[in-house]
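S.K.: Task: produce atomic coordinates for the following.
(2 chains)
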Amino acid sequence: MINDFSPLWISLRTAGASTIITFLLGLIAAWYVTFYLKRFKGMVDSLFTLPMVLPPTVLGVFLLLIFGRNSGFGQVLHSIGIQIVFSWWATVIAAVVVSFPLMYKTTKGAFEQVDPNLFFAARTLGASEWRIFWKVMVPIAWPGIAAGTVLAFTRALGEFGATLMFAGNIPGKTQTIPMAIFFAVEGGQMDRAIVWVLLITLLTVVVMFMMNLWNNYQRNRFTKGAAGR
Amino acid sequence: MKLVVDIKKRIGDFTLEVAFETDGETTGLLGASGSGKSITLQLIAGIETPDEGQIVLNNRVLFDSEKGINLPSRKRRVSYLFQNYALFPHMTVAENILFPLTNVKEEKRKDRLEEVLRLMALKGLKNRYPAQLSGGQQQRVALARGIIGKPEALLLDEPFSALDDYLKTTLIKELMEALKGYQGATLFVSHNMEEAYRICPKLLVLSKGRVEAYGSRETLHHYPPTLSVAKLTGYRSFSKFQTLSSYVIKALEWDIELQVENIPAKQETFITIASEKIYLAEDSPENANIFSAWINTYEEGPRRVLCYLTLKRPPAHSKDDHLEWELSKEEWENIKNKPQPFRIRIPKEGIRFLKE
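M.R.: Just a heads-up that it's a prediction; the model follows:
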């Protein structure tokens, strides 16, 4: 039924790469907006959330406009021999853009839950901002950060609209599972589509299940034995 | 050890303007809520930034608006003990306490840890997490973490406000024990006079963002300069007065004439009477300042009894009283069955004059 498994590998590689990028960008953005941004906070927050509420096709057009050969940025890339549109990197960039708000929002929520006194206490105890970030805030907000990462990963795995506009449907290069499903159905190969549907459903369910297990484990950390007090 | 503070900060329509100097003695910042105590500590610790002024700790300028100096919190060597202790929940007791010691050799770190664990009576708890500790233990961990880096000033923000009375008494003892070994300047914020009095030899009273009084606890307790300081230091009965002659005043609210030692300059408009300085007059040879009194209401505590007295006439209703009178249980047993009214004496030295 399926002899070419490339959409699976492309999907996993795209989701993996984009999750790494989204993880870092989302973490830094959430950290900055929560603890340092004083003015324009609402505006910046809306801007970072925008990709979540805009139709993916609209994002696709934006990405084409930014990276296309008609933009200044696109020309700079072209002049140094980099072609983003319709390449594998385009699938990654599209996935980063659509999954970023999930990572950002969830992580920001987790940071906001942390007692701000911990932040100030760490400062008065002589810790640098870098140390506060890695040793205090990230470990404490970790369940939220992990949840954001899983959400970002699953969202990247399911990305369709922006990828189609920006990366196209090139088998073996930019054709991800959602893309393969769409074109299988369109081409009348329903059985083929169903196999992909089952595969991606299974993949997503497994990831979510593992996240839940892990969350339950995390919820009980630092308090073992406290119940008997 | 010397901390000099002279700062101004506006927050909405509240203006904080405080100036004071402390030496090695533990100083209590007393004030009602909203008087600016906590924000003063935050300004010193660098959690908030003053609009203008100067903060100097042991000749080190922490903040100076004119010179454009504003050291970040981490460089101030000022330790802040938060009301909720702010322990890092994901670190063990040992990791929490060692958090401030970074550029120190491993061996030295161990020594210091053992030293503060002993000082704070935390031995045997070093591998626990904060959630596994009692409130008192958490507080001692926070204190240990606060002093292990040998800060030059220690700021305590209402460390006992969330505790019950019994635990509080024990913890105050422990805290004083622990502070004995600490050499830096200590500021202690509280809205509770008793608590501050027990811990701090010096008291600074804040009211509406300003320093209202500053001095030794004895002076402030015996001679409160103003009405609000008197209220904070435990006085309860107040009256406006009118000067009748150089040694006689009339307490307007109580409608009595009182002989006094001397009448201070014009600014004082209120008098109060130390409630432990009111005596039963039966056995007294004196005859000045003696009044007939009715007990209106009373509150019996475990050791002391508070009586609310109405002077010169029987009380008209349950709120119609003039003076608060504090008695020991024995004194109370002695007078409670006496026919009313009985006669009380207010000695001249029990009368305090207050500015508004």
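S.K.: what's the burial count for the one residue in the stretch 251-356 of chain B that gets nearest to chain A?
M.R.: Closest contact between the stretch 251-356 of chain B and chain A, by C-beta to the nearest C-beta, is at residue B:302 (29.7 Å). (C-beta placed from N, C-alpha, C; glycine too.) For residue B:302, the neighbour count with other C-beta atoms under 10 Å in any protein chain shown is 6.
S.K.: Using the three-state scheme, assign it.
M.R.: coil (DSSP: H, G, I helix; E, B strand; the rest coil).
S.K.: Kindly state the pLDDT recorded for it?
M.R.: Note for residue B:302: predicted pLDDT of 86.
S.K.: need the contact list for it.
M.R.: Residues near residue B:302 by C-beta atoms under 8 Å, 6 or more residues apart in numbering or on different chains: none.
S.K.: now the helices: where do they sit in the chain?
M.R.: Went with chain A since none was named. A:6-35, A:41-53, A:56-67, A:72-79, A:88-113, A:116-124, A:129-131, A:138-158, A:161-167, A:177-186, A:190-219 (DSSP state H).
S.K.: ah, no, chain B please
M.R.: Under the criterion DSSP H, helices of chain B are mapped to B:37-45, B:93-98, B:106-119, B:135-147, B:165-180, B:193-199, B:217-222, B:227-232, B:329-335.
S.K.: weakest of those in terms of mean pLDDT?
M.R.: helix B:165-180 (a mean of 76).
S.K.: could the helices of chain A go into a markdown table alongside mean neighbour count, mean pLDDT and distance to residue B:187?
M.R.: Putting these into a markdown table (neighbours: other C-beta atoms under 10 Å in any protein chain shown; pLDDT from 0 to 100; distance: least, C-beta to C-beta, whole Å) gives the following:
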| stretch | mean neighbour count | mean pLDDT | distance to residue B:187 |
| --- | --- | --- | --- |
| helix A:6-35 | 20 | 95 | 26 |
| helix A:41-53 | 14 | 94 | 33 |
| helix A:56-67 | 18 | 94 | 54 |
| helix A:72-79 | 13 | 88 | 55 |
| helix A:88-113 | 23 | 96 | 30 |
| helix A:116-124 | 21 | 94 | 13 |
| helix A:129-131 | 13 | 93 | 26 |
| helix A:138-158 | 21 | 92 | 28 |
| helix A:161-167 | 24 | 94 | 57 |
| helix A:177-186 | 19 | 94 | 62 |
| helix A:190-219 | 14 | 89 | 38 |
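S.K.: Kindly reformat these as CSV containing distance to residue B:78.
M.R.: Shown next, in CSV, are those (distance: least, C-beta to C-beta, whole Å):
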stretch, distance to residue B:78
helix A:6-35, 20
helix A:41-53, 29
helix A:56-67, 48
helix A:72-79, 48
helix A:88-113, 25
helix A:116-124, 6
helix A:129-131, 18
helix A:138-158, 24
helix A:161-167, 51
helix A:177-186, 56
helix A:190-219, 35
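S.K.: if we compare those, which one ends up closest to chain B?
M.R.: Of these, nearest to chain B by C-beta to the nearest C-beta is helix A:116-124, at 3.9 Å.
S.K.: Run through who's touching the closest one.
M.R.: With C-beta under 8 Å, 6+ apart as the contact definition, helix A:116-124 has outside contacts at A:35, A:131-132, A:135-137, A:140, B:45-47, B:72-74, B:76, B:78-80, B:82, B:84, B:86, B:88, B:99.
S.K.: Of all the helices of chain A, which one is nearest residue B:165?
M.R.: For residue B:165, the closest of the helices of chain A is helix A:116-124, at 25.0 Å, according to C-beta to C-beta.
S.K.: who wins for proximity to chain A among the helices of chain B?
M.R.: Comparing the helices of chain B by their distance to chain A (C-beta to the nearest C-beta), the top pick is helix B:37-45, with 5.2 Å.
S.K.: any idea how far residue B:76 lies from chain A?
M.R.: 7 Å (C-beta to the nearest C-beta, to the nearest Å).
S.K.: That residue: neighbour count?
M.R.: Neighbours of residue B:76 (other C-beta under 10 Å): 24.
S.K.: residue contacts, it?
M.R.: Applying C-beta under 8 Å, 6+ apart, we find residue B:76 in contact with A:124, B:45, B:46, B:57, B:62.
S.K.: For residue B:25, state which of those residues is nearest.
M.R.: Nearest to residue B:25 out of those is residue B:57 (C-beta to C-beta; 15.2 Å).
S.K.: re the thing from before, are any of the contacts of helix A:116-124 buried, and which?
M.R.: By neighbour count, with 16 or more other C-beta atoms under 10 Å in any protein chain shown, these hold A:35, A:132, A:135-137, A:140, B:45-47, B:73-74, B:76, B:78-80, B:82, B:84, B:86, B:88, B:99 as buried.
S.K.: Take those and keep only those in strands.
M.R.: B:78, B:79, B:80 (DSSP state E).
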